[in-house]
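Novice: Provide a 3D model corresponding to the input given below.
(one chain, ligands or ions: 2)
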Amino acid sequence: MDEEGRKTMIALAHLSGWSAERISQKMRKWYHIVVTPGNIYMMYQQWTSNSILQAPQEEKMRELLSAKLHADFGFQRPLSETPGGWPITVKFAKRWNPKDLDNRSLCKYYNAASRTHTIGHFLAMVRPLDAIHELSPTEEAAVARLGPVVSSILTSVLNRWAEHFRGKLQQLPFWKNISRDNHAETIMDFLKIFTDEWEEQYGIMADCGSVTPDQLIRHTFVIRSTGQGAKILLGLMLADRSIAIEKKRKMLKESVGYIKVYCPLPMDERACPICSDDLNFPNAEDVTEQAIRLVSCCGQIIGAKCLVAWINPLAGAGVGMNNSCPHCRSFFSREFINKLAAEEGVQEQYEDSQSDTDGDKDIEDDAEPGGEIQDGVVEDFAGIEVGEEGNVHF
Ligand SMILES: [Zn+2]
Ligand SMILES: [Zn+2]
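Specialist: Ligands and ions are numbered 1, 2, ... in the order given. The predicted structure follows:
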């Protein structure tokens, strides 16, 4: 290394507040010198123990760096005060596409197949929500390679996210969806926490531009440092947990289909959206229409009689055959129709009318209509409780 290169390296280590790793990248770019972060750390330690530092010397360093970076260079924090000690040097891929299975691994121990494995690991659990703070076997290998300091920052952020995530779901009726954007925003908030804690340990993290939530899910992006790599790894870990839990919630919603709601309804949900009568309340003819909540799709409250009429072509004059939700137009599953048939008496004509297009009719006919099997699934899933107001929490 020539004298200017050495001076720049020491100045960066002393003044920039950058991690040894980022300095190593700059040395390669500016001087074509390959010097490992570990060596930078060692050389700087040697320099500090041999030098009596004086203000004019620091001033010269500042001038050197200002000229090199074409900007005023403020004092941040010397590398020697970096409390994390030894820099981390796990090799992450430079460019990585989390969606592309044929692409190379994020790091030696983590690739797209690892993500699939992790999602499967959580999906196989009866109560995945209880375990989202734990590492899957594939994640464990990758995280261990980051060394004890980074591992502990990473797992501590994972724990805090898990607690937040569980709290959020406990507040939320189970049929309500959390949008992908909402999941992604939360993940970005926690990645910010990770960045802050990384920088406290290792100095400023070399960035890769900005990784947007969308990029995290879809695009190839450039990884410029271990800090960025570890951050992306954490982002994927959080995303995979969100995906697994959303899938479980969807399965739960579909297996429940709808629930009867017995308690008095709030004003904005009181009227049946089809006949406008007050639900769970005797109408002018002293007939009370039972309220049900459509949990497999939009969560709309609707009158059971009107829903049957909506679905069944023979139940009400002028009402056509429909197998989609009158509110959100999502298609009802065969299980949903079967449950409604068993409980509210949708006539068999509906089933016959489907037989031409439905290849597995025979299997369906033999199947238990409605509740029992599905209830079993629900209980196995999380031991959920249906509250009086029809809210189910898990
Ligand atoms: Zn109605
Ligand atoms: Zn709907």
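Novice: show me what from this structure comes close to ligand 1.
Specialist: 272, 274-275, 303, 306 (CB under 5 Å from the ion). (C-beta placed from N, C-alpha, C; glycine too.)
Novice: of those, closest to ligand 2?
Specialist: The closest of these to ligand 2 turns out to be Ile274 (CB to the ion; 12.8 Å).
Novice: let's have the residues of the chain next to ligand 1 in JSON lines, adding distance to ligand 2.
Specialist: Shown next, in JSON lines, are the residues of the chain next to ligand 1 (distance: CB to the ion, whole Å):
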{"residue": "Cys272", "distance to ligand 2": "14"}
{"residue": "Ile274", "distance to ligand 2": "13"}
{"residue": "Cys275", "distance to ligand 2": "17"}
{"residue": "Gly303", "distance to ligand 2": "14"}
{"residue": "Cys306", "distance to ligand 2": "14"}
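Novice: neighbour-wise, which of those leads?
Specialist: Gly303 (24 neighbours; other CB atoms under 10 Å).
Novice: phi, psi for that residue please.
Specialist: The phi/psi pair for Gly303 (degrees, to the nearest 10) reads phi -80, psi 140.
Novice: now swap in Glu134 and tell me
Specialist: Here Glu134 shows phi and psi, under degrees, to the nearest 10, equal to phi -90, psi 160.
Novice: re earlier: got the residues of the chain next to ligand 1 as CSV, with distance to Leu252, secondary structure and pLDDT columns?
Specialist: Shown next, in CSV, are those (distance: CB to CB, whole Å; DSSP: H, G, I helix; E, B strand; the rest coil; pLDDT from 0 to 100):
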residue, distance to Leu252, secondary structure, pLDDT
Cys272, 26, coil, 93
Ile274, 26, coil, 91
Cys275, 30, coil, 90
Gly303, 24, strand, 93
Cys306, 25, helix, 90
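Novice: could you look up the SS state of Glu4?
Specialist: Judged by DSSP: H, G, I helix; E, B strand; the rest coil, the three-state class of Glu4 is helix.
Novice: residues near the residue nearest to it when sequence neighbours are not counted, how many?
Specialist: Closest residue in space to Glu4, ignoring its immediate chain neighbours: Tyr31 at 7.6 Å, by CB to CB, 6 or more residues apart in numbering. Tyr31 is flanked by 16 other residues according to other CB under 10 Å.
Novice: look up how far Lys68 lies from Tyr31.
Specialist: 10 Å (CB to CB, to the nearest Å).
Novice: identify the contacts common to those two.
Specialist: By CB atoms under 8 Å, 6 or more residues apart in numbering, Tyr31 and Lys68 have these common neighbours: Thr8.
Novice: and stretch 272-290, how far from the chain's centre?
Specialist: How far stretch 272-290 lies from its chain's middle: 41 Å, per CA atoms, centre = their mean, to the nearest Å.
Novice: repeat for stretch 182-198
Specialist: Its chain's C-alpha centre and that of stretch 182-198 lie 11 Å apart, by CA atoms, centre = their mean.
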